[in-house]
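K.L.:
quick one, fold the following:
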Amino acid sequence: MVVGCCDSRVDIVQLFSAEPGDLFVVRNVASLIPPHNPDHSHHGTSAAVEHAVTTLKVAHILVVGHSDCGGIRACHDMCSVVASGIDETTSYVGRWMEILRPGYERVAAGVADPAQRLPALEQEGVLTSLRNLMTFPFVATAVHGGELTLHGCWLDIATGDLKVYQPEKGFVAA
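P.N.:
Next comes the predicted model:
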């Protein structure tokens, strides 16, 4: 399973030289995976994760973030009060970006250079999604049972460079 951004500049199937049917792909704004929340709302990404893990029995889930992500920029601008929306209950984008608010707070507190905050937040979005995956009981069970592995990567769309997340090193060249 690959979770990627709905940005048309990032074609997941082409990125991994896959053929149609090789990958179970879910695309959404900013490649975010929300935390487990079994309420009575609609949860398209969560439903896709459940289907991939419990029905398709995927062995890997890969979260792919990218540079110049409009969704991540929206989160940054909303959280830093450059733009409104994140606290508006009628804003779908604001509600979705709320997933990344804790990540924004970590980046804002730890990255002094304003020019580095957006790339850092793009990568933090990948890490937030990986952490959120582990809040799903069926994902945690599969990971701890050795049946599922979680991966993250970040694509610089200007250069085509792909960085892979390694827990001990951070994002490194693939």
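
K.L.:
CA only for contacts and neighbour counts going forward, please
P.N.:
Will do.

K.L.:
mind checking the SS state of M97?
P.N.:
The local conformation at M97, judged by DSSP: H, G, I helix; E, B strand; the rest coil, is helix.

K.L.:
quick check: it vs V111, distance?
P.N.:
20 Å (CA to CA, to the nearest Å).

K.L.:
just want to know which of those two has more residues nearby.
P.N.:
M97 (27 against 14; other CA atoms under 10 Å).

K.L.:
in terms of helices and strands, where is the residue lying closest to the more buried one once chain neighbours are set aside?
P.N.:
Residue nearest to M97 in three dimensions, not counting chain neighbours: C75, with 5.3 Å by CA to CA, 6 or more residues apart in numbering. If you go by DSSP states H and E, C75 is part of helix 70-79.

K.L.:
now that helix: buried residues?
P.N.:
G71, I72, R73, A74, C75, H76, D77, M78, C79 (16 or more other CA atoms under 10 Å).

K.L.:
next one: stretch 115-123
P.N.:
So stretch 115-123, judged by 16+ other CA under 10 Å, has buried residues R117, L118, P119, A120, L121, E122, Q123.

K.L.:
who touches it?
P.N.:
With contact meaning CA atoms under 8 Å, 6 or more residues apart in numbering, stretch 115-123 is reached by 65-69, 72-73, 76, 103-104, 107-108, 111, 153-154, 171.

K.L.:
kindly report the same for stretch 33-43.
P.N.:
T45, S46, I99, T128, S129, L130, N132, L133, T135, F136.

K.L.:
most neighbours of all those residues, which one?
P.N.:
S129 (24 neighbours).

K.L.:
helix/strand/coil for that one?
P.N.:
helix.

K.L.:
what distance do you get for it to D113?
P.N.:
Distance from S129 to D113, by CA to CA: 24 Å.
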